[in-house]
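Chemist: Any chance you can model this:
(chains A and B)
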Amino acid sequence: MCLAIPGRIISFEPDEAGSKMAKADFAGIIKKICIDFLPDVQIGDYVLVHVGFALNKIDEAEALETLNALREVGEAWQEAGQASASE
Amino acid sequence: MKYVDEFRDPEAARRLAAAIAARTSRPWTIMEICGGQTHAILKYGLEELLPKDLTLVHGPGCPVCVTPAGIIDAAVELAAYDDVMLVSFGDMLRVPGSRSDLLSAKAAGGDVRLVYSPLDAVKLAQANPQKRVVFFAVGFETTAPANAAAVLAAKRLGLRNFFLLAAHRRVPPAMEAILSAPSCRVQAFLAAGHVCTVMGYREYLPIAETYRTPVVVTGFEPLDILQGILQAVELLEQGKASVANQYARVVTEKGNLQAQRLMAEVFEICDADWRGIGRIPASGLRLKPTYAAFDAEQVFLLKTADDQERQTTCLAGKVLQGLIKPSDCPAFGSVCRPESPLGAPMVSTEGACAAYFRYRQHG
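Modeler: The predicted structure is shown next:
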C-alpha cells in the first residue's frame, strides 16, 4: 500500500478540482500527478509519488551522501579484510 | 541519478552484509514495520546475507492486512446497494471479510470499481451523479493525506455523492502496542520510510526513549534495508536507544507539513481495531464532525466496530505482531494459499504470508 516511486517533474498542468497537477516522468512512462503537498516544486525536481500524489522532493545531495556512506562501509570492510588476510 | 538502480548494486549489498556480520557480536531481533520492506527482504533474499545471530521479524505495516473484517463486511454490504458505486484500491478486492469479499460482491452484480488514486474516485462521483460513490479509504499516514485531498476536492466541486469509508491506521501507536506486549521480542525497529516521508520522525523519539528501543527510518531498496539494519545493529551494540534516519533523501525530521496540514483539516485521531491484533488507542483517523457529510459510516448508518472474525485456523494476528513467521503457521501453503486465502496477509501484495509464498517456499 505504501509503495512510492521516484519520478521527475516535466511540466505543470491545469488544476483539477482545485488541486495542483503536474506531469512526471517515471523512467520513460509519463503520468499526471497531484502536487498539492509540494507547493514549491520545480520542473526537473525528482519527487516520490504515491497513489498519484507527490509526497516529497528527493534530495540529491542526501542521496549522494547515502551512497558515499555505503561506499565507505565497503572500503573500510575491504581494508579490514585485507589487513586480516595479510596477518 | 535515477534513485533506484544506485540502491540495488549487488556488490555493495555483499559488502554491507559483511559489515553487518562484523559488527554483530550477539543475537539481536529487529522488526521491519512495513510490508513493502518485508517483500523487498524476501524478493532480494536479504535474510540469507545476514549473520545467523540476526533475526528479522515482520511487522504489521500492511494496511490491507489490518483492516478489520467488520469494515470489509460494511463495504460488501454497500456494494450490494443499487445506487452505490464502491471504489477501492485493487489490494482490497480479495481480502476476506467475515462472510464475503469485494470480488464476490462484484461478481454478484455490485458496482465495484478499482482506482489508482483517490482523485480518480472523485472523478467517478463527478461523472456519475446518479450514483452514491463510496471510496474505501484504507492506508497509513502515507495514504491518508491523499484521501484527505480527495475529500477537499469533492468539497470544492460541491459533490454531494462522494463518501469515504475511512479505515486509516497510524503506525506509531502500533509500534507501542508491540513493545508493550509481554511476549515482545523486538529489540529494534526499521521504521516505515514512506510513512515518515509524510510524518517525519519526531513521533519516534519518545518511543525509542520510553521503550529503550532504537528506531531506524529506512527506505525500500535492498541497499537501504541493509544500511538500515547496519545502523540498527550499531545502535544495539552501543546500547543507544535513539532514532536514526537512513532514508534522508526523502525523510526529514518534521516530514511534509503541507500534507500533515491537509490531513489534520479533514481527519481526527480515534481509537481503532487492527485485524488479528485488537483495539489500539489513538491508532486510527476518522473524518472530523465538520466533514460528517462525507462520512459513509454516518451517512449509511454502518456498524463496523465489532470485528467479526470468522473461525479459521489462520494465525495472521501472530504473524502481524512478529510473534511467528508465516511458515510457522500450519495452514501456510496447504489450506491457505494466494488463490484461497484464509487471512489478509496471504492476499495483499504487502502481506508477509504472500511474500513467503511467492519468494521462499514456492518459487
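Chemist: can you give me the strands for chain A?
Modeler: A:5-16, A:19-26, A:29-34, A:46-50, A:53-57 (DSSP state E).
Chemist: Quick check, residue B:186 in contact with residue B:30.
Modeler: Yes. The pair residue B:186 and residue B:30 passes the contact test of C-beta atoms under 8 Å, sitting 7.3 Å apart. Backbone N, C-alpha and C define where each C-beta goes, glycine included.
Chemist: Now do the shared contacts for the two.
Modeler: residue B:57 (C-beta atoms under 8 Å, 6 or more residues apart in numbering or on different chains).
Chemist: Sketch out the low-pLDDT regions of chain A for me.
Modeler: A:74-87 (pLDDT under 70).
Chemist: if you set the cut-off to 80 instead, what comes out?
Modeler: Counting by pLDDT under 80, the ranges of chain A that qualify are A:1, A:71-87.
Chemist: before we move on, back to that, export the strands of chain A to TSV and append columns for distance to chain B and mean neighbour count.
Modeler: As requested, those are exported to TSV (distance: least, C-beta to the nearest C-beta, whole Å; neighbours: other C-beta atoms under 10 Å in any protein chain shown):
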stretch	distance to chain B	mean neighbour count
strand A:5-16	4	15
strand A:19-26	5	18
strand A:29-34	6	16
strand A:46-50	5	23
strand A:53-57	4	25
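Chemist: so residue B:163, which of the three states?
Modeler: Here residue B:163 is recorded as strand under DSSP: H, G, I helix; E, B strand; the rest coil.
Chemist: That one contacts residue B:135, correct?
Modeler: Yes. With contact defined as C-beta under 8 Å, residue B:163 reaches residue B:135; the gap is 7.1 Å.
Chemist: Now residue 20: closest residue in space that isn't a chain neighbour?
Modeler: Looking at chain A here, since you left the chain open. Spatially, and ignoring its direct neighbours in sequence, residue A:20 is nearest to residue A:35 (4.8 Å; C-beta to C-beta, 6 or more residues apart in numbering or on different chains).
Chemist: nope, chain B
Modeler: Leaving aside its sequence neighbours, residue B:20 sits nearest to residue B:230 (C-beta to C-beta, 6+ apart; 5.1 Å).
Chemist: residues contacting residue B:47?
Modeler: So residue B:47 contacts B:41, B:56 (C-beta under 8 Å, 6+ apart).
Chemist: Can you tell me how far it is from residue B:356?
Modeler: 11 Å (C-beta to C-beta, to the nearest Å).
Chemist: So which bits of the stretch 101-250 of chain B are right by chain A?
Modeler: By C-beta under 8 Å from any C-beta of the partner chain, the residues of the stretch 101-250 of chain B that approach chain A are B:116-120, B:122, B:126, B:138-140, B:142-143, B:145-146, B:149, B:152-154, B:156-157, B:192, B:194-195, B:197-198, B:223-224, B:227, B:230, B:246, B:248-250.
Chemist: Could you identify the buried members of those?
Modeler: Buried members of those, counted by 16 or more other C-beta atoms under 10 Å in any protein chain shown: B:117-120, B:122, B:126, B:138-140, B:142-143, B:145-146, B:149, B:152-154, B:157, B:192, B:194-195, B:197-198, B:223-224, B:227, B:230, B:246, B:248-250.
Chemist: On the secondary structure side, give me the element for residue B:167.
Modeler: Using DSSP states H and E, the element containing residue B:167 is strand B:162-169.
Chemist: May I have that strand exported as PDB, CA atoms only?
Modeler: Taking C-alpha atoms only, strand B:162-169 is exported to PDB below (Å, rounded to 0.1, in the frame of the first residue of the first chain):
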ATOM      1  CA  PHE B 162     -18.900  11.300  -2.700                       C
ATOM      2  CA  PHE B 163     -18.300   9.500   0.600                       C
ATOM      3  CA  LEU B 164     -15.300   8.000   2.400                       C
ATOM      4  CA  LEU B 165     -15.400   4.600   4.200                       C
ATOM      5  CA  ALA B 166     -12.400   5.600   6.300                       C
ATOM      6  CA  ALA B 167     -10.200   2.800   7.600                       C
ATOM      7  CA  HIS B 168      -6.900   4.700   8.200                       C
ATOM      8  CA  ARG B 169      -4.400   3.500  10.700                       C
END
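Chemist: Now do it: which elements does it pack against?
Modeler: On a contact count with 3 or more C-beta pairs under 8 Å, 6 or more residues apart in numbering or on different chains; DSSP states H and E, strand B:162-169 meets helix B:63-66, helix B:69-79, helix B:118-127, strand B:132-139, helix B:144-157, strand B:267-274, strand B:278-287, helix B:296-299.
Chemist: ok, residue B:36 - contacts?
Modeler: A:1, A:2, A:3, B:61, B:192, B:194, B:220, B:350.
Chemist: measure it to residue B:355 for me?
Modeler: Look at residue B:36 and residue B:355: by C-beta to C-beta, they are 10 Å apart.
Chemist: now do residue B:163
Modeler: Residue B:163 is 33 Å from residue B:355, by C-beta to C-beta.
Chemist: With adjacent residues omitted, what lies nearest to the residue nearest in space to the middle of chain A?
Modeler: When C-alpha atoms, centre = their mean is applied to chain A, the residue found nearest the centroid is residue A:58 (3.9 Å). With C-beta to C-beta, 6+ apart as the criterion, residue A:58 has its nearest non-adjacent residue at 4.2 Å, and that residue is residue A:46.
Chemist: Which of the strands of chain A sits closest to residue B:16?
Modeler: Between residue B:16 and the strands of chain A, the shortest separation by C-beta to C-beta is 21.2 Å, and it involves strand A:5-16.
Chemist: Closest one to residue B:72 out of the contacts of residue B:36, please.
Modeler: Closest approach between the contacts of residue B:36 and residue B:72, by C-beta to C-beta: residue A:1, at 14.8 Å.
Chemist: Near that closest one, how many other residues are there?
Modeler: Around residue A:1 there are 24 other residues, counting by other C-beta atoms under 10 Å in any protein chain shown.
Chemist: Report whether the expected contact of it with residue B:138 is present.
Modeler: Yes. Assessed by C-beta under 8 Å, residue A:1 is found in contact with residue B:138 at 6.9 Å.
Chemist: what residues are shared contacts of those two?
Modeler: B:63, B:64, B:89, B:91.
Chemist: Once you drop chain neighbours, what's closest to the second one?
Modeler: Spatially, and ignoring its direct neighbours in sequence, residue B:64 is nearest to residue B:348 (4.0 Å; C-beta to C-beta, 6+ apart).
Chemist: Look at that neighbour and report its pLDDT.
Modeler: pLDDT recorded at residue B:348 is 84.
Chemist: State whether it is indeed within a strand.
Modeler: No. Residue B:348 is assigned coil when assessed by three-state DSSP, not a strand.
Chemist: Relative to residue A:3, how far out is it?
Modeler: Residue B:348 sits at a distance of 11 Å from residue A:3 (criterion: C-beta to C-beta).
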